[in-house]
Structures are given as C-alpha cells and as structure tokens.
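Participant: When you get a sec, could you give me coordinates for this:
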Amino acid sequence: MGKLYIVPTPIGNLEDMTLRALRVLREASQIAAEDTRTSRVLTKHFDIDTPMTSYHEHNKRSKLEDILAALATGDVALISDAGTPGISDPGFELIAAAIEGGFEVVPLPGACALTTALVGSGLASDRFLYLGFLPRKPTALRELLTGLSARGETLVAYESPYRLAQTLAAIAEVMGGERRVCVAREMSKKYERFYRGAAGELSDYFAADNPRGEVTLVIAGADPAAATWSEEQVRHVLLDRLGAGDSLSAAARDIAKLAGWKKNAVYQLGLRSSSN
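Facilitator: Numbers count the residues shown, from 1 in each chain. From the prediction side, this is the model:
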C-alpha cells in the first residue's frame, strides 16, 4: 500500500523547491497535478520523469477513484500549480478520501503564499484567520467584511488583481479607512512587492493603478480600543444590508452586535437615513 505525499511547489521562485520534495517527486509512482502543463515546466526544470495525471476542480470526481487505485500499488505525490496543495483547491478532498481509505498521508513543509504574506506584512501573526478567495459580488463581500470587522485576528485572503481596488474600498467603508492592510504582490518573483498602509490610502492608490500578478491580502484585526463603530461605518453597513433586501429590524439587530451600538440606535439611524 502506497502513501499520499502532499508536496508544496514554489509560488514563483524555483529555488524554493526543497531537496525532500524533489526526492519524493522522483521516487513516487505517480504525480497528481492540478495542471499538468504548468507542472511539467517544474518537472522538466528538475529532470523529473515520473508519470503525471491531472487532478483539478473539474475532473476530481472522475479521477479520485483512479488515484486511490494507484495508491493501492505505490506512492502518489500531490502537487498544485503553486504552493501547498489542499489550501483553496480540491486537493483536500483527495487527502480526506485517502485518509478514509486507510492510506498514510505525508505532508511536506514548503512554500505557501498564505504564510509568506502573513509574516511579510508586519501585522500580528500570533492569531490569524484564513478566508480563502474573497466573494466576487460586492454585496457578499461587504456582508463577509461586516461579520469580521470586530474580530481581533489578522485576516488573510487571496484576491484577484482586477478586484483589488474595489475590495480595498469595501474594507475602508466597512472596517474604517484607517484599518491597516498589506497587499503582497508577486511574492518570491522578480517584481515582488509589499504595499503596507491604511485601507483608505491603498484603496486610492490601486484605484488609479491596478496591479498585475498574484495578490495576497492581509488585514489587521480590530483594535479593542476602537471596538465601537463610528456613525459613518454603521450607516454604510446598514444601507448595504437594506439595499440587499434585509428588513430594517433584522439589519439593526445584527449590526448592533458588531458595532457596539444599541439596536434602537441603529434602527433610528436607519429611519433617518431612509428619509433623507
């Protein structure tokens, strides 16, 4: 019976490939790759000729049994396009199935955009919450940010460079323009850069110049000393909820818990805002 190896691959710089990862890829009976075209660039660079099969979001159901069958006779190395498999990709489903099937799962340490951005941000890293890819729809994004705005943990998310400006604007509106943020771009690559500053400032900056390449967003947790929201913050979030079709009573109840306000105060602000 074989083992399933979870093998991190570089997020940009091929020098970040570990010696252990190279050995595992060479010795495995098969490599399960998110995109075989992308992964063959890696294997060709390191002269690895292990047979490769694709395993991704669109074929995972049909390929899962095949890979489990391969595990019955030999080791399989799971890799993604970049970074550590199983984080915001279908790798976790294969990992869970292998564990359920009684196969040994061996995770290797290595490159990961999540932790690289977190430690490079300069924000607190003792407690953090990973959000995965942020919602594409503005209403869903604001709802998520609203629910997280009072959390004390540092928040980490992946975001498209094409939506970065609108996401930063939403953070400034919901969490406050002074909330500290770090935009990590093209980490480990030639044009790597960390943009650190207030959400409002970075929103204005990227509105004029959207970045290219991979982006990881790190957001500071709420300051306990500033747990009570300003009237402007409450109004922004309240109007978003009302615009999404929520009743004033339900929106006031939910927002009051997050904002440190009394429900009636939020309700009255909603009445005044609606009449203007």
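
Participant: Regarding the residue nearest the centre of the chain, what is its secondary structure?
Facilitator: Note on the chain: the residue nearest the mean C-alpha position is residue 132, at 2.7 Å, using C-alpha atoms, centre = their mean. Recorded secondary structure, residue 132: strand (DSSP: H, G, I helix; E, B strand; the rest coil).

Participant: check contacts around it.
Facilitator: Residue 132 is in contact with 88, 157-158, counting by C-beta atoms under 8 Å, 6 or more residues apart in numbering. For glycine as for every other residue, the C-beta is placed from the backbone atoms N, C-alpha and C.

Participant: out of the residues you listed, which is most surrounded?
Facilitator: residue 157 (21 neighbours; other C-beta atoms under 10 Å).

Participant: Which helix or strand contains that residue?
Facilitator: Using DSSP states H and E, residue 157 sits within strand 154-159.

Participant: wait, which of the contacts of residue 132 is closest to residue 78?
Facilitator: Of all those, residue 88 has the smallest distance to residue 78: 14.4 Å, by C-beta to C-beta.

Participant: State the helix or strand in which that closest one lies.
Facilitator: Counting by DSSP H and E, residue 88 is found in no helix or strand.

Participant: per-residue pLDDT, the nearest residue to it once chain neighbours are set aside?
Facilitator: The spatially closest residue to residue 88, leaving aside those adjacent along the chain, is residue 132, at 4.8 Å (C-beta to C-beta, 6 or more residues apart in numbering). pLDDT, residue 132: 95.

Participant: any idea how far the residue nearest to the centre of the chain is from residue 157?
Facilitator: Distance of residue 132 to residue 157, given as C-beta to C-beta, to the nearest Å: 7 Å.

Participant: and the nearest residue to residue 229 once chain neighbours are set aside, what does it touch?
Facilitator: Spatial nearest neighbour of residue 229, excluding adjacent residues (C-beta to C-beta, 6+ apart): residue 259 at 3.8 Å. By C-beta under 8 Å, 6+ apart, the contact list for residue 259 reads 150, 228-229, 233-234, 237, 266.

Participant: neighbours of residue 250, just the number please.
Facilitator: Look at residue 250: counted by other C-beta under 10 Å, it has 11 neighbours.

Participant: Provide a list of residues in contact with it.
Facilitator: Residue 250 neighbours (C-beta under 8 Å, 6+ apart): residue 241.

Participant: is it fair to say residue 254 lies in a helix?
Facilitator: Yes - the assignment for residue 254 by three-state DSSP puts it in a helix.

Participant: Quick check: closest non-adjacent residue to it.
Facilitator: residue 241 (7.5 Å).

Participant: Now name the helix or strand holding that neighbour.
Facilitator: Going by DSSP H and E, residue 241 is part of helix 231-243.

Participant: Okay, buried residues for that helix please.
Facilitator: The neighbour-count check on helix 231-243 (16 or more other C-beta atoms under 10 Å) flags 233-238, 240-242 as buried.

Participant: what's the offset of it from the middle of its chain?
Facilitator: Centroid displacement of helix 231-243 relative to its chain, using C-alpha atoms, centre = their mean, to the nearest Å, is 26 Å.

Participant: Residues contacting that helix, please?
Facilitator: By C-beta under 8 Å, 6+ apart, helix 231-243 touches 139, 142-143, 146, 149, 173-176, 229, 248, 250-252, 254-255, 258-259, 261, 266, 269-270, 273-274.

Participant: try 10 Å
Facilitator: The contact list for helix 231-243 (C-beta atoms under 10 Å, 6 or more residues apart in numbering) reads 138-139, 141-143, 145-146, 149, 170, 172-177, 228-230, 246-248, 250-252, 254-256, 258-261, 265-267, 269-270, 272-274.

Participant: In ChimeraX, how would I select just the buried ones from the residues you listed?
Facilitator: Selection of buried members from the contacts of helix 231-243 for ChimeraX, criterion 16+ other C-beta under 10 Å:
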select :141,142,143,145,146,149,170,172,173,174,175,176,177,229,246,248,251,252,254,255,256,258,259,261,266,267,269,270
